[in-house]
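A.B. asks: sequence and computational prediction follow.
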Amino acid sequence: MADIGPISEPKIMGIVRKDNTKKFYDGGGGNMNNDYVTHSELRLSEMETQRKLDKLDNKITQVDNKLDYKFNELDNKIDSKFDLLNSKLDTQNKLIWWIIRLLTAGVVLPAITYVIKTLSLK
């Protein structure tokens, strides 16, 4: 028979259940080494792992909701800045067109009157 080494003392471990009672298990039973667990110990471990995963999932969901809120806030700020910029550009565009029209009228009308006067004098 192969030597498996010294058998260590079983460790007594425990968890706290949802109803705040403690459940202790000895790491595999009285004559078993720490490589094995009983079905009840396995179920307890699975329940504890699932509880931790549920907590982690809730935290991830909370962080995701916070990020969504922040991105929506940022998106609204950016949209308002673009709306303000578009409004200013529209106002500036109208002003530029008025200036162009006045300059055109100030140059074209005297030129037309000059042409008419020179043609009528001949």
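C.D. replies: Arrived safely. Residues are numbered from 1 along each chain as shown.

A.B. asks: strands of the protein, start to end?
C.D. replies: 13-16, 22-25 (DSSP state E).

A.B. asks: now do Leu44: how many residues are near it, please.
C.D. replies: 19 (other Cβ atoms under 10 Å). (Glycine included, C-beta is placed from N, CA and C.)

A.B. asks: for Glu41, same thing?
C.D. replies: 18.

A.B. asks: and Glu73, by the same measure?
C.D. replies: Using other Cβ under 10 Å, Glu73 has 10 neighbouring residues.

A.B. asks: in this protein, where is pLDDT below threshold?
C.D. replies: Within the chain, the stretches with pLDDT under 70 are 1-34, 122.

A.B. asks: again, only using 80
C.D. replies: Residues of the chain meeting the criterion pLDDT under 80: 1-35, 121-122.

A.B. asks: where along it do the helices fall?
C.D. replies: Ranges of helices within the chain are 39-121, based on DSSP state H.

A.B. asks: find the centremost residue of it, please.
C.D. replies: Leu67 (3.4 Å; Cα atoms, centre = their mean).

A.B. asks: what separates Ile99 from Thr49, distance-wise?
C.D. replies: Here the criterion is Cβ to Cβ, to the nearest Å. By it, Ile99 lies 74 Å from Thr49.

A.B. asks: same question but for Lys81, I mixed them up
C.D. replies: Taken as Cβ to Cβ, the span from Lys81 to Thr49 is 48 Å.

A.B. asks: same check, this time on Thr104
C.D. replies: Separation of Thr104 from Thr49 (Cβ to Cβ) stands at 80 Å.

A.B. asks: what of Pro110?
C.D. replies: With the distance defined as Cβ to Cβ, Pro110 ends up 91 Å from Thr49.
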